[in-house]
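# Sequence below, structure please.
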Amino acid sequence: MQTQVVRDKAISEPPSPLTQFWEDIKIVAQPYWYPTDPGGRAFADVIRSWGMLALLVLLIVGLVSIDGLGSFWNRYVIDIIIEERDISKYWSTLWLSCLLIVAITLLVGFSQFVRKKVALDWYRWLSNYILQQYLSNRAYYKIGFKSGLENPDQRLSQEIEPITTITLRFLTTLLQKVLEMSTFIIILWTISQQIAIYLIIYTIVGNLIAVYLTQELNKINKQELEFKAEYNYSLTHVRDHAESIAFFQGENQEAKIIERRFKNVLDNAERRLSWERGQDIFNRAYQSAIAVFSMFILTPLFIQDQIDYGEISQASLACFMFSNALGQLIAEWGISGRLSSYIQRLAEFSDGLKAITQEPEKLTTITTIEENRLAFENFTLQTPNYDKVIVENLSLSVQPGQGLLIVGPSGRGKSSLLRAIAGLWNSGTGRLIRPPLKDLLFLPQRPYIILGTLREQLLYPQTTREVSNKELEDILHQVNLQNLLTRVSDFDVEAPWENILSLGEQQRLAFARVLITRPRFTILDEATSALDLSNEENLYRKLQQTQTTFISVGHRESLFDYHQWVLELSENSGWKVFSIEDYRQEKENGHNLPPTVDNSEDRVTINEPEPPSPKTHQSENNLEQSTETPSRHELSHQEIKVLTNYSISTIRNKARQGKTITTKEGFTYHYNKDPNVLKWVRD
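Coordinates of the predicted model:
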């Protein structure tokens, strides 16, 4: 059951493209320009951004105004040259002409600088905002199995910056060119109303054609982003799994996958080229026709002395500026299709991050309580999409200082139980009692190797801690990694550690982190699978010396030496709890011993390990008992244990449930709960 990214679930009919585009714009732009969340941008920062935007608008208005005034000045100069032929007047106009050129140059430069500065500030904030959503509430983890969103790395690294730069460029171009077109159509109206009317009609028709061409390009641009993202991911996949591909000699198969995805990129590019060719021809013809059209009307008027040459020059300039502005608008309108695709993808991404971090409605979740112990109470765990039950009605308490080993068939859900402890999975029912996450340290089968120095590797995840070089060297010796210092000059040298260290060395490095951090609880998921038995023993002995409570997942029988209890996950969400002695005996005898717990509704508390040998036992009143078979008709729990293969926990469990016990000799006992008796009585 994947999380669907739908922004308006209440609408029965899909929104129009314009409505959807506006909704997407609001998702991307509102948090920056008009924040409504209490924890959003600071008011002073918002005012500063709007101030920069207002300055940009003033610069654009000033630039268009000077362009308009410049057309009148150019008309005046042309009349001096053509009509009056006064050289002294002409020389007197040069200083103002130069001043206009300098003013336009400065306005263009400053307006572009301010526009890029606003875009950069927006990009910086928006990137941090989306990245915070991505990293908060473990959204980066949940997105892999709770959402249909793909290629989050590309959306973060490549698709945010174009939104800010293209949006600011499109809006400023739109404002500037609309002002230019309005200014020069008014100027043209004062010269020839006929030309002005024709231009307006011509503009409307041309824009309709441009919109049609742009809509198809929008679809092509959106597919281009998707195809490029898939192509980039295939290359990243090869880099991340280079060794596996090399082992399997899978270069040919990988090449076919990459070529197939690259072909999609090329085919889409061919389609885009075909449409852009038609659009370029249309744009050029559209602009050229305006200039030719104006000359056909104005030239006869000049020959008939109805207008002077300065007016022809101004009208031609007005037509040129109008057509140029219109051409740039059409070009930007085409680019806006790509902008629309970027905005849509980022809006989907932002919505998806919010959706996967929200608690599901009408679906049960596990209640988590923070205490200095680990316990499961009527705990039922399901996969995040609720389609499979991992374990059902687990009741178990692990007290500080104890070791619990989780075993079971491959794929049964052992690691899933650890994910629940870490708070990664919470689908299900019941209660999980665990210490705060800061007191837990997780050691996965493949340790996480960060990008950084050896010091940062060892101190992770608390890389700001102050630990001396001498202490770090001692830790490396304890985990048999002293040779690392021969590979780098000191602890503060960065290196590609994931490539330098073998998997076994990485696992020993993870244990070094435990010895430095000394967490109260340590969770190990096949954390010694790549180590020999000698290294495994050394690391677990060091782990025991830290007084940490540890829960391990593993299959090796050697792990029995370091744990007191075994939780076995069986098929059909079942589970059993054994003392380590009972579980060893089961493995040695090759048959199923009665478990300490078998999906009982009673909660098992793991307090202390059972005595290591069945030959010597302690009674409940701590009196030493004989190993001879008791012959009395009323027996204690400890005496019943001598007569059976059951553990004390199982015997107590059967007593609470009112069940009978049959001894090795065939006698049947039931537990008398009379306060004056409280013994096992033979039937």
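
# Just to check, E377 is in contact with R434?
No: counting by C-beta atoms under 8 Å, E377 sits too far from R434 to count as a contact (11.6 Å). From N, CA and C alone the C-beta is placed, and that goes for glycine too.

# And stretch 409-416, end to end?
Using C-alpha to C-alpha, to the nearest Å, the span of stretch 409-416 from its first residue to its last is 13 Å.

# hmm, back to that, E377 and R434: who's more crowded?
Neighbours per residue (other C-beta atoms under 10 Å) separate E377 from R434, with R434 holding more: 23 against 16.

# Can you give me every residue that contacts the closest residue to the more buried one other than its chain neighbours?
Nearest non-adjacent residue to R434, counting by C-beta to C-beta, 6 or more residues apart in numbering: L374, 5.2 Å away. Listed by C-beta atoms under 8 Å, 6 or more residues apart in numbering, the contact partners of L374 are 397-398, 421, 433-435, 521, 549, 551.

# tell me the least confident of those residues?
Scanning the contacts of L374 for pLDDT, the low point is V398. It has 84.

# buried residues in the helix or strand encompassing T429?
Per DSSP states H and E, T429 falls inside strand 428-434. For strand 428-434, a neighbour-count test (16 or more other C-beta atoms under 10 Å) marks 428, 430, 432-434 as buried.

# okay, and the helix or strand of the protein with the least pLDDT?
Here the helix or strand of the chain ranked lowest by mean pLDDT, DSSP states H and E is strand 597-598, holding a mean of 43.

# any chance you could map the strands in the stretch 351-500 of the chain?
For the stretch 351-500 of the chain, strands defined by DSSP state E, counting those that start in this stretch occupy the ranges 367-370, 374-382, 389-398, 403-407, 428-434, 440-443.

# Please name whichever of those is nearest to K219.
K219 sits nearest to strand 374-382 of all the strands of the stretch 351-500 of the chain, at 39.9 Å, using C-beta to C-beta.

# Show me this structure divided up by domain.
For the chain, automatic domain parsing gives the domain ranges 20-357, 374-450+522-604, 613-682.

# which of these sits most buried?
Of those, the one with the most neighbours on average (mean count of other C-beta atoms under 10 Å) is domain 374-450+522-604, at a mean of 18.

# That one: how far from the chain's middle?
The chain centroid and the centroid of domain 374-450+522-604 are separated by 28 Å under C-alpha atoms, centre = their mean, to the nearest Å.

# returning to what we had before: would JSON lines of the contacts of L374 with distance to K116 be doable?
What follows is the contacts of L374, written out as JSON lines (distance: C-beta to C-beta, whole Å):
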{"residue": "S397", "distance to K116": "61"}
{"residue": "V398", "distance to K116": "58"}
{"residue": "I421", "distance to K116": "49"}
{"residue": "I433", "distance to K116": "54"}
{"residue": "R434", "distance to K116": "50"}
{"residue": "P435", "distance to K116": "50"}
{"residue": "F521", "distance to K116": "51"}
{"residue": "T549", "distance to K116": "56"}
{"residue": "I551", "distance to K116": "54"}
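
# doesn't T548 make contact with R520?
Yes: using C-beta under 8 Å, R520 is in contact with T548, at 6.3 Å.

# Now Q176. Nearest residue, chain neighbours left out?
I60 (4.9 Å).

# Next up, the contacts around that neighbour.
I60 sits next to 111, 172, 175-176, 179 when contact means C-beta under 8 Å, 6+ apart.
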